[in-house]
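Novice: Here is a sequence with its predicted model. Questions after.
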Amino acid sequence: MDQSVAIQETLAEREYCIIAVQGVLCEGDSRQSRLLGLVRHRPEHGGQEHALFLYMHRRMAITGDDVSLDQIVPISQDFTLKEVFPDGELYILGSDVTVQLDTAELSLVFQLPFGSHTRTFLQEVARACPGLDSGTRDPQFLWLSRYGCTEPQPESPTPRAWNSAPGGSNCDSSRPNGKGLLVDPSSRGQDKPENLLTRQTKSKSEITDMVRSSTIITVPDKAHILSMQKFGLRDTIVKSHLVQKEEDYTYIQNFRFFVGTYNVNGQSPKECLRPWLSHGIQAPDVYCVGFQELDLSKEAFFFHDTPKEEEWFKAVSEGLHPDAKYAKVKLIRLVGIMLLLYVKQEHAAYISEVEAETVGTGIMGRMGNKGGVAIRFQFHNTSICVVNSHLAAHTEEFERRNQDYKDICSRMQFCQVDPSLPPLTISRHDVILWLGDLNYRIEELDVEKVKKLIEEKAFQTLYAYDQLKIQVAAKTVFEGFTEGELTFQPTYKYDTGSDDWDTSEKCRAPAWCDRILWKGKNITQLSYQSHMALKTSDHKPVSSVFDIGVKVINEELYRKTLEEIVRSLDKMENANIPSVSLSKREFYFQNVKYMQLQVESFKIHNGQVPCQFEFINKPDEESYCKQWLNANPSRGFLLPDSDIEIELELFVNKNTATKLNSGEDKIEDILVLHLDRGKDYFLSVSGNYLPSCFGSPIHTLCYMREPILDLPPEVISELTLMPVQTEDDGSRLETPMNIPKELWMMVDYLYRNAVQQEDLFQQPGLRLEFEHIRDCLDTGMIDNLSASNHSVAEALLLFLESLPEPVICNSAYHNCLECSGNYTASKQVISTLPTFHKNVFNYLMAFLQELLKNSAKNHLDENILASIFGSLLLRNPAGDQKLEMTEKKKAQEFIHQFLCNPL
C-alpha cells in the first residue's frame, strides 16, 4: 500500500511526498518502526529542495492521523546514505537492507524491506542529493521552519537535524549521533536483525562493530548500480520469450514444505512448540508458520504495539527441526496476525523477489484485528504466495467471512522487481498456500449433536455441515483451491490449558476454524493434522506437510534457450515505430455513488513491434489522473500481435466527495497513454456524480430539510460552499434542523436496535448493506432501511470520517488538547463551537453514554469508545504538523471525559 498518501496529508502547500518506505530504526538494542518519506519543496524563487521526514506511526499508515512527525533530516551537501552488509551473517537474496544515514550532526541506522519499492526509494533519494558543482545553489531549507524548529541560518553549510520535540519549538541538536530521539514502540512486524541461524541476540557493541566493519556503498554508487537499464525494451522482450519457453530449460524437483497455523488467543508461549513444528517428520525445506490473535490487548488493536511478536518468534525459532539449519526469510505482522517464513540454509541462495503485504478488513476496512498478511517469493523458478488470514467471527457471519476473503484477494498487491510491471495479486502465482483461522463454523446442528458426532469420530458426517465446505461448493470463496480430508476433531473451542470443550457461559459449538488450503500444480499433501498436545490456547494448532514440485533451472539448457532468443532478436529490427489500437477511447461513468466502485475496461491490441506503454502525467500535474480515478495496470509491455485489458476504476471517497458535491470538481478527465518510442493516445473520461450526505459539511446538511438527491445541483453547491460559521439569520425560507437528519436516522436506528449489541463499533458490516444505508439516507427513504446493527454502526463511523470539517472544528483542536483532563475547561471549549457542531457533539455523547449503560451486554467501555471516536470527532487541522502519539492520546482523553461525566 502507498503510505506516501498519509504523509502528504501532513504537508503544506508546495511540499510533495515523492515516495515513502517503512523501515526499522536501529539504536543499540532498540528497534523502532519508522515511516520514511522523501519530501520535495519547490520555493517560489525556483529550484527544489528535499528532506527526509521520519514518522512514528500506528498500524498501516492510511491517513495523516496515523502518523506522528518524529524528525526531519535535510538532504544537504553533507548528507549520505550507505548500505551496510553485516559480516558473518548468511546473505539471503530477499532479506532486509541495512542502510546508514549520516550528516555532520547525525548518524542513524535503518533496516528497509527488500524489494523493488526500497530500490526505487534509494534511487529517488540519490536523485534528490544536491549537485556538487560550484554553480549549484546551496539549499536553504527555510521552508522547514514551520515544523517547530529554529529557522536555519542561510550561511550555515551543514544544517542540523530538525526534530519535533514535545513541549518546545526548538530543535535539540545536541544529541550525539542522533540518539535520544522520540521513539514509538509500534513495530508492525518488521524483520529484526538477529542472527537466526544461531538464534542469539547481538549486543550493542556487536551491532556497532557490525556497522563499522561492513563493506559500504555510498548512495550515489548504489543509485548508479540500481539505475542501470535492467528493464529496457530488449530485456523485457527476452524475459517474455523466456517465460513462454520455460519448459525447455527447467525440470521439476520436489521440496518439503511445512505449513502451520495457530490461534494463540492472546497468550504468551508457555510450552515447547516442537510437538507442532518438528516431531515425527523429516526436516522440511521450507517453514510457513502463521499465528492469529497474537495479542488481544487494546494497545495492540489501536496502537499496534505488542511484545508478543518477539516472544512467539523466538518460540518458533527454537521449535524448528533440530536436524537442519534454517534462515529466516521474512516476518510480517498486522496487529495479531503474524506470518513467518524460514528456509534451509542451503536453499537461501535460491530465494528471490521477496515481498510482504498486509490487508486489514476490520471496522472501516482499516483496523487490523481481522484481515490477512502475505509473503510472496520466487523459489528457483516457481512463484509462491503464502497467505495467513483471520476472518470475521460468529456462526451467522459467513457472508462477512466471504467478503473478508474477497477483500484480501482484491487488495493484496505486491510490487514487482521490474517497476514497469503492474503489482502482482495473490492469484498470479504458481503456488498459493492459504492458512489461518478462517472462522467457518458448523451450522444447523446443536452443540450436543456436534459433540456426539465427534465422540463417534464421524468426521465426514459432521463435515457435511461445515460452512467452508458449503461455501466452497457454492463457489463463493476459495474457487480452485483444495483442502485435504479432515481426519482430526475440530480445533475450536477448548477450555484453555485442557482438551475439554468450552464450558463458559457461551458454550461455543466445536468447529474446524483453523484450516490450510492450497492451489497450484505438482502439490502433494503428505499430512493434515491438529496437535492436541499444545494447550496454551482455546484453539489447537494445525499443520500440513506438502511435497511441492518446484521448477529448477538447468543452466546449460537455459543458456542455449537464451542464445536462441537473442539470435532471433538480432534479426528483428526494432527501428519501426510501435503502434497500437484501442477498443475504446471514451468512457462514461453513470450515476457514480460515494464509496461504490465502478469499472470500465478497454483492450489495447499491439501491432507488429514490441512496445511498452504507460499512462503519463499531463503538464503541471502530479499524477496521470484525478484522485478518484485509477488505471489498472497503468503501465506494461506488449509482444507483437498481443492484447491486454485495461480497467479504469472510479472510486469516490472522503478525500474527493466534497468537491464533487459542491460542483468544484466534476467526473471529467483526460488520460494520456504513451508508447515508448511511439505516439500518445488520449482517452476521455466523463460521468455524473450523485451527491451524498457522505462528504457534506454538518451545517450544509442541517439546512437540507429535503433529502440531498431531491435538491437541485445549484442548491447543493450553494449550501456546500457556505462558510461553517454561518448561523440562521432569518434570510432563508426554511429553518435549519438542530442536527443533520441523516445522523439522527442512524443513531436512532442504533438506539432502538443495538444498545445491547455485542462488539458494536468493533465488528465490520457488509459492503452491500452500507450501500443500501447510504441510498436510504440520500433519498430519505429511511422506512426501507434494513441492515445489520454492525453495518449501521460502521456507516455512522464512515459518515463522521467523511465530514470535511470534523465535529470539533479544526480551530478548536489545540484548545481541546490543552484542556484534556480538565472537564470544566473542556466543556467551555465545546460551548464555543458553531451551533450545529455543538449540537452534534452533545447528541453523540448522549448516545454513547446510553451505550455504556448497557456495557454488561455490549461489552463496551469508555476506553474503547474514546479510542474509536477520538480520532473521528477530533482531527488534526489540515496542513498542520502531525503530533506525537502522546498527544493523540490526549484527544482520546478529551472524549473520555464526556463519556464519564454528566453532559
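Specialist: Structure's in. What do you need?
Novice: show me where the stretch 701-850 of the chain has helices.
Specialist: Listed in chain order, the helices of the stretch 701-850 of the chain (DSSP state H, counting those that start in this stretch) span residues 713-720, 741-753, 767-779, 789-802, 813-818, 823-831, 835-852.
Novice: most packed of those?
Specialist: When the helices of the stretch 701-850 of the chain are scored by mean count of other CB atoms under 10 Å, the highest mean neighbour count falls to helix 789-802 (a mean of 23). (Glycine included, C-beta is placed from N, CA and C.)
Novice: by contact count, what packs against it?
Specialist: With contacts defined as 3 or more CB pairs under 8 Å, 6 or more residues apart in numbering; DSSP states H and E, the secondary structure elements packing on helix 789-802 are helix 741-753, helix 767-779, helix 862-873.
Novice: redo that, cut-off 6 Å
Specialist: For helix 789-802, the helices and strands in contact under the criterion 3 or more CB pairs under 6 Å, 6 or more residues apart in numbering; DSSP states H and E are helix 741-753, helix 767-779.
Novice: Quick check: which element contains Glu614?
Specialist: With the criterion set as DSSP states H and E, the secondary-structure element containing Glu614 is strand 611-616.
Novice: Buried residues, that strand. List them.
Specialist: When burial is assessed from 16 or more other CB atoms under 10 Å, strand 611-616 yields the following buried residues: 611-615.
Novice: out of these, which one sits closest to Ile363?
Specialist: Of all the buried residues of strand 611-616, the one sitting nearest Ile363 is Phe615; the distance, using CB to CB, is 33.8 Å.
Novice: Quick check: that closest one touching Ala631?
Specialist: Yes - contact criterion CB atoms under 6 Å: Phe615 and Ala631 qualify, at 5.2 Å.
Novice: part of a strand, is Ser33?
Specialist: Yes - counting by DSSP: H, G, I helix; E, B strand; the rest coil, Ser33 is part of a strand.
Novice: Any figure for the gap between it and Asp70?
Specialist: With the distance defined as CB to CB, to the nearest Å, Ser33 ends up 11 Å from Asp70.
Novice: and what of Phe836?
Specialist: Noted for Phe836: a distance of 37 Å to Asp70, by CB to CB.
Novice: for Glu443, same thing?
Specialist: Distance from Glu443 to Asp70, counting by CB to CB: 49 Å.
Novice: More neighbours: which of these two?
Specialist: In this comparison of Glu443 against Asp70, neighbours counted by other CB atoms under 10 Å, the higher total goes to Asp70 at 24 against 14.
Novice: Quick check: phi and psi on that one?
Specialist: With angles defined as degrees, to the nearest 10, Asp70 sits at phi -100, psi -40.
Novice: Please apply the same query to Ala315.
Specialist: phi -60, psi -40.
Novice: Correct me if wrong: Leu865 contacts Gln849.
Specialist: No - between Leu865 and Gln849 there is no contact under CB under 6 Å: 9.4 Å.
Novice: thinking again about what came up before, identify whichever of the helices and strands packed on helix 789-802 lies nearest to Pro284.
Specialist: Closest to Pro284 of the helices and strands packed on helix 789-802 is helix 767-779 (CB to CB; 38.8 Å).
Novice: residues near Val599, how many?
Specialist: 12.
Novice: Likewise for the one 3 residues further on?
Specialist: Summarising burial for Phe602: neighbours were counted as other CB under 10 Å, giving 17.
Novice: ok so it is a strand residue?
Specialist: Yes - Phe602: assigned to a strand according to three-state DSSP.
Novice: Name whatever forms a beta bridge with it.
Specialist: Beta-bridge partners recorded for Phe602 (DSSP bridges): Ile646.
Novice: could you check the distance from it over to His531?
Specialist: In this structure, Phe602 and His531 are 52 Å apart, going by CB to CB.
Novice: intersection of neighbour lists for Leu865 and Gln849?
Specialist: Listed as contacting both Leu865 and Gln849 by CB atoms under 6 Å, 6 or more residues apart in numbering is no residue at all.
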